[in-house]
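Colleague: My questions are about this predicted structure, shown below with the sequence.
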Amino acid sequence: MSTTTLAVLVPLLPFLGAVAGLLFGRRAPGFVRPLAVLPALASAVLAVLVAFRQGGGKPIVASTELTPTGSVPIDLSLYLNGFAALAAVLVGVVATCVQLYSTAYLREDPRYPSYAALVSLFTSAMLLVVYSGDLMVLLVGWEVMGICSYFLVGHYWETEAARSASLKAFLVTKLGDVPFLIGLFALAIDADSFEIPKILGAVAAGGLDHPTLIALLLLAGVAGKSAQFPLHTWLPDAMAGPTPVSALIHAATMVAAGVYFIARLLPVFTASAAALVVMAVMAAVTMIGSGLAALAQDDIKRVLAYSTIGQLGYMIGALAVGDRGAAVFHLISHGAFKALLFLGAGVIIHAAGTNSLAAMSRMDGLAKRVPDAFWTMTIALLALAAIPPFAGFFSKEAVLVAAEHAAAGHSQSAPSAAGWLVLVAGVLTALLTAAYATRLWLMAFRGRGAAAPDHGKEPVAMTGVLWLLAIPSIGLGLTAGPIADWFDGNALTPTLTTSVLGTGAAAVGAVLTYALWQRATAKAAAVGYGAGGSVAAAVAESAAETPEVTHDHPAVPAGAAPDPGRALLGPLHRHAADGFHLDAVYDRLFVRPVRGAASLVRFLDREVVDTYVRGAGAGPRLLGSLVRRAQTGNVQSYLSALLAGAVVLAIATAVLANVNAGS
C-alpha cells in the first residue's frame with residue numbers, strides 16, 4: 001500500500017468510527033467502546049508507518065481537484081513533511097490513550113456513546129489539519145474542531161459552568177476565526193492558490209503583495225485557537241468539561257492547531273519583520289502572564305490550563321524567531337507530558353469521586369492512595385519544569401537556543417528585538433513554571449487538607465495509560481539529535497549558556513517554592529493543630545487570629561492546606577487568581593456595549609417600529625368601526641339619511657349658484 005493511501009486512511013478511520021458511533025452507539029452499546037478505541041489505535045499505527053516511510057526526507061505531495069471554482073482552485077491534497085508526520089503520530093497516540101482512558105473514566109456516563117464519537121471526530125479533524133496540503137480543506141478540519149470542542153466542553157450541560165464555558169470557547173475562537181478567514185482569502189489571492197506548496201513557492205519568489213497584513217490577520221485566528229493573549233481566556237474555563245477532553249484539547253488537538261499552522265506557513269510570517277515582533281510580544285506577554293496566573297489557581301485543572309497557555313507561548317516564541325523545528329519539537333514533547341498531567345489529574349479527581357474536589361488546598365494523602373498518578377505525574381512535572389534529562393528540558397532548551405541565536409543577530413529572518421523578547425520572557429517563565437509545578441506537586445501529594453473518601457484502586461485502563469505516556473515524557477528529549485532531519489535538519493541540542501540560564505531559573509523557582517511551603521507548614525504546626533487534627537485547620541485558625549498577616553492575602557478557607565503561591569505573589573495573588581481581570585475588561589469593553597446596543601434596538605423595535613405597525617392597523621380598524629355603526633339595518637334610518645343628504649346637496653348647490661351669479 002502506498003504512503004499516500006496510508007496517509008488518507010489516517011484521518012479517515014477516526015471519521016468513520018465517529019459516524020458509526022453516532023449512528024449505532026445507542027442501538028448497540030456493546031460496540032461503543034471498540035468503535036471508540038480501535039479506529040484511533042489503527043490511525044496511530046498507520047501514522048507511525050507514514051512517519052517511518054517519510055523518514056524526514058523530501059515532502060510527499062499528492063493532490064486532486066476537489067471542485068472547479070472558476071478562479072482559485074480548491075484541491076484535496078496531502079503535504080507530508082517531517083514534522084507533519086511526527087505531529088500525526090502525536091495526535092494518534094494521545095487520542096488512543098484518551099479513548100482508552102475514557103472507557104473507564106466515563107463508564108457510568110449515559111452520554112458516553114456520543115462523547116466517544118465526538119472525540120473520534122475531533123481526532124479526525126486535527127489529523128486533517130496536520131496532513132492537508134490545501135488551506136480550504138485545512139479550514140474544514142479547523143472549524144470542525146471548534147464545534148467538537150463546543151459539544152465536548154459542554155458535555156455536562158446540566159451545570160451552568162459547562163454551558164457557559166462551551167459557549168465562551170466557541171465565541172472567542174470564532175472571534176479570531178473571522179480575521180483568519182479574511183487572511184486566508186487574501187493569501188490565496190496574492191499566491192493565486194490555496195495549495196501550501198504553491199503558496200510557499202510564491203513567498204520565496206516575493207509574490208506576496210501584503211505580507212504584514214496577511215500575517216497579522218492569520219495571527220488573530222491562531223491567537224484564538226491556540227489560546228494566546230489576548231484571546232486566551234476561554235481555555236481555563238474549558239476545564240468544566242470531562243478531564244480526558246482537557247487532555248486531548250491541551251496536548252494534541254485544538255490549541256496545537258494554531259502553532260502547527262504557523263509552522264506550516266512560517267515563510268509567510270517571516271516575510272514581515274513587523275509580524276514577527278508582534279508575535280514575539282504576544283508570546284512574551286502570554287508566557288509571563290499565564291505563569292503568574294498558574295501560581296494563584298487552586299483548581300488543579302486550571303493550573304494545568306494556564307500551564308498549557310504558557311507552553312504554547314514558548315512555541316509561538318520559537319516561531320517568532322524563525323525556528324519552526326524548535327516550536328514543533330516542543331509541541332510534540334509538551335503533548336506527551338501534558339496529556340500525562342491531565343490524565344493523572346483525572347485519576348486524582350476520579351479517586352475523589354467528584355469533579356468538585358479538584359481543589360489542591362483540600363487534597364490529602366494522595367501519594368499513597370493513587371501511587372500510579374503520583375509517580376507518573378512527578379515525571380511529567382519534572383518534564384514541565386524542564387529538569388534534565390526529561391523531555392521538556394530538551395524541547396524548551398531548543399526554544400531558548402533559537403531565541404539566543406536571534407538575539408545575537410544571527411537569524412536571517414527574525415529581528416534581534418524578537419529574539420531578546422523571547423529569550424528574557426522564556427527564562428523568566430522557566431522560573432515561574434518550576435514554581436507552579438513544585439507548588440502543584442506539594443499541594444496535591446504532600447498536602448494536609450480534608451481527606452476524600454477512598455474508592456479503592458483505580459482501573460487499569462486509566463493507570464496503564466499514565467505509564468505509557470510516561471515513556472516519552474522521560475525519553476523523548478534524548479531523540480533530539482536523531483530526529484533533527486524531521487525538523488528541517490536544524491540542531492535541537494542545548495547550549496551551555498541556555499542550559500545554565502534555563503535550568504538555573506527552574507532551580508530557583510522550585511527551591512523558593514519548596515522553602516516557602518516548608519515555612520508555611522512549620523508556622524501552621526507551631527500555632528497548633530485545630531479540631532480536625534490537620535495542619536490545614538491550624539492554618540485557618542492562624543489566619544483568623546492574625547488578620548493583619550492576611551491583609552494582602554485572602555483568608556485561607558477552613559480545611560485548606562498551606563499555599564506557597566500566596567507568599568510568592570503577595571498582593572498580586574488576588575489579581576492573578578482572577579486572570580488579571582481580563583474577563584472583566586472584556587465585559588466592560590465589549591459585552592456591556594453590545595448588550596446596551598441590543599437593548600436600544602429592542603426599544604426601537606418595540607416602541608417605534610411596532611408603533612408604526614400598530615398605527616397602520618389601527619386606522620383601518622377605526623374607519624371600519626365608524627362604517628360598521630352606520631350600517632344599522634334599519635330602512636327608515638337609511639331613507640332619512642338619504643333625504644338629509646339630498647337636502648344638504650340642494651342647499652349647497654343653491655348657495656354656489658348665488659355666489660357665481662353675484663360674481
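Modeller: Received, thanks.

Colleague: what residues are up against residue 87?
Modeller: Going by Cβ atoms under 8 Å, 6 or more residues apart in numbering, residue 87 touches 130, 256, 260, 328, 331, 332. In this view, the C-beta of every residue, glycine as well, is placed from N, C-alpha and C.

Colleague: The fifth one contacts residue 256, doesn't it?
Modeller: Yes. With contact defined as Cβ atoms under 8 Å, residue 331 and residue 256 form a contacting pair (5.8 Å).

Colleague: The two: who's more crowded?
Modeller: Legend: neighbour count by other Cβ atoms under 10 Å for residue 331 and residue 256, higher for residue 256 (30 against 27).

Colleague: and the gap between that one and residue 126?
Modeller: Distance, residue 256 to residue 126, using Cβ to Cβ, to the nearest Å: 8 Å.

Colleague: And for residue 219?
Modeller: Distance of residue 219 to residue 126, computed by Cβ to Cβ: 20 Å.

Colleague: Return the helix or strand in the chain with minimum mean pLDDT.
Modeller: One helix or strand of the chain scores below all others by mean pLDDT, DSSP states H and E: helix 535-545, with a mean of 40.

Colleague: going on from that helix, what's the next piece of helix or strand?
Modeller: Heading C-terminal from helix 535-545, the first helix or strand you meet, by DSSP states H and E, is helix 564-569.

Colleague: following that next one, which helix or strand shows up next?
Modeller: Next element after helix 564-569 (DSSP H and E): helix 573-577.

Colleague: Give me the distance from that following helix to the chain's centre.
Modeller: From the chain centre to the centre of helix 573-577 is a distance of 21 Å (Cα atoms, centre = their mean, to the nearest Å).

Colleague: And for stretch 41-55?
Modeller: The chain centre lies 26 Å from the centre of stretch 41-55; the measure is Cα atoms, centre = their mean.

Colleague: Tell me which residues are up against it.
Modeller: For stretch 41-55, the surrounding residues in contact (Cβ under 8 Å, 6+ apart) are 3, 6-7, 9-11, 13-14, 60, 80-82, 85-86, 88-89, 91-93, 95-96, 123, 127, 485-486.

Colleague: Can you say which of those are buried?
Modeller: Listed as buried from the contacts of stretch 41-55 are 3, 7, 9-11, 13-14, 60, 80-82, 85-86, 88-89, 91-93, 95-96, 123, 127, 486; burial here means 16 or more other Cβ atoms under 10 Å.

Colleague: quick one, helices of the stretch 351-500 of the chain?
Modeller: Using DSSP state H, counting those that start in this stretch, the helices of the stretch 351-500 of the chain run over residues 366-369, 371-384, 391-407, 416-445, 460-475, 496-527.

Colleague: To residue 202, which of those helices lies closest?
Modeller: Proximity to residue 202 (Cβ to Cβ) singles out helix 416-445 among those, at 24.0 Å.

Colleague: Next, the angle helix 496-527 makes with the closest one.
Modeller: Helix 416-445 and helix 496-527 meet at an angle of 30 degrees, taking axes from the mean of the first three to the mean of the last three Cα atoms, to 10 degrees as the criterion.

Colleague: Can you give me the buried ones in helix 416-445?
Modeller: Here helix 416-445 shows 418-423, 425-445 as buried, counting by 16+ other Cβ under 10 Å.

Colleague: Next: stretch 571-579.
Modeller: In terms of neighbour count (16+ other Cβ under 10 Å), stretch 571-579 has its buried residues at 573, 576, 577, 579.

Colleague: Spit out the contact partners of the last one.
Modeller: When contacts are counted by Cβ under 8 Å, 6+ apart, residue 579 touches 233, 236, 293.

Colleague: If we only consider the residues you listed, which is nearest to residue 154?
Modeller: Among the contacts of residue 579, residue 236 lies closest to residue 154 (Cβ to Cβ), at 15.6 Å.

Colleague: wait, what's in contact with the closest one?
Modeller: 293, 297, 302, 305, 306, 309, 579.

Colleague: Repeat that for residue 480.
Modeller: Residues in contact with residue 480 (Cβ under 8 Å, 6+ apart) are 329, 394, 395, 398, 492, 493.

Colleague: Show the pLDDT at residue 102.
Modeller: Per-residue pLDDT puts residue 102 at 94.

Colleague: That one: what's it in contact with?
Modeller: Residues counted as contacts of residue 102 (Cβ under 8 Å, 6+ apart) are 36, 112, 115, 116, 119, 242, 244.

Colleague: If I follow the layout properly, the third one ends up in contact with residue 155?
Modeller: Yes. The pair formed by residue 115 and residue 155 meets the contact definition of Cβ under 8 Å, at 6.0 Å.

Colleague: which residues are common contacts for these two?
Modeller: Shared contacts of residue 115 and residue 155, counting by Cβ under 8 Å, 6+ apart, come down to residue 242.

Colleague: Now that we're looking at residue 449, what pLDDT does it have?
Modeller: Here the pLDDT value assigned to residue 449 is 63.

Colleague: One more: residue 25?
Modeller: 79.

Colleague: how close does it sit to residue 629?
Modeller: 68 Å.

Colleague: And these two? Which one has more around it.
Modeller: residue 25 (21 against 8).

Colleague: Phi, psi for that one please.
Modeller: phi -60, psi -50 (degrees, to the nearest 10).

Colleague: wait, what's in contact with the closest residue in space to it that isn't next to it in sequence?
Modeller: In space, and not counting its chain neighbours, residue 25 is closest to residue 113: 2.9 Å by Cβ to Cβ, 6 or more residues apart in numbering. Residues near residue 113 by Cβ under 8 Å, 6+ apart: 21, 22, 25, 26, 29, 32.

Colleague: follow-up on the earlier one: please narrow the contacts of residue 579 to those residing in helices.
Modeller: The helices, defined by DSSP state H, take in 236, 293 from the contacts of residue 579.

Colleague: any chance of the contacts of residue 579 in TSV, plus pLDDT?
Modeller: Shown next, in TSV, are the contacts of residue 579 (pLDDT from 0 to 100):
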residue	pLDDT
233	94
236	93
293	96
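
Colleague: May I see the contacts of residue 579 organised as CSV, with distance to residue 459 added?
Modeller: Formatted as CSV, these follow (distance: Cβ to Cβ, whole Å):
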residue, distance to residue 459
233, 34
236, 28
293, 33
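
Colleague: Nearest to residue 226 among the contacts of residue 579?
Modeller: Lowest distance from residue 226 to these (Cβ to Cβ) belongs to residue 233, with 13.2 Å.
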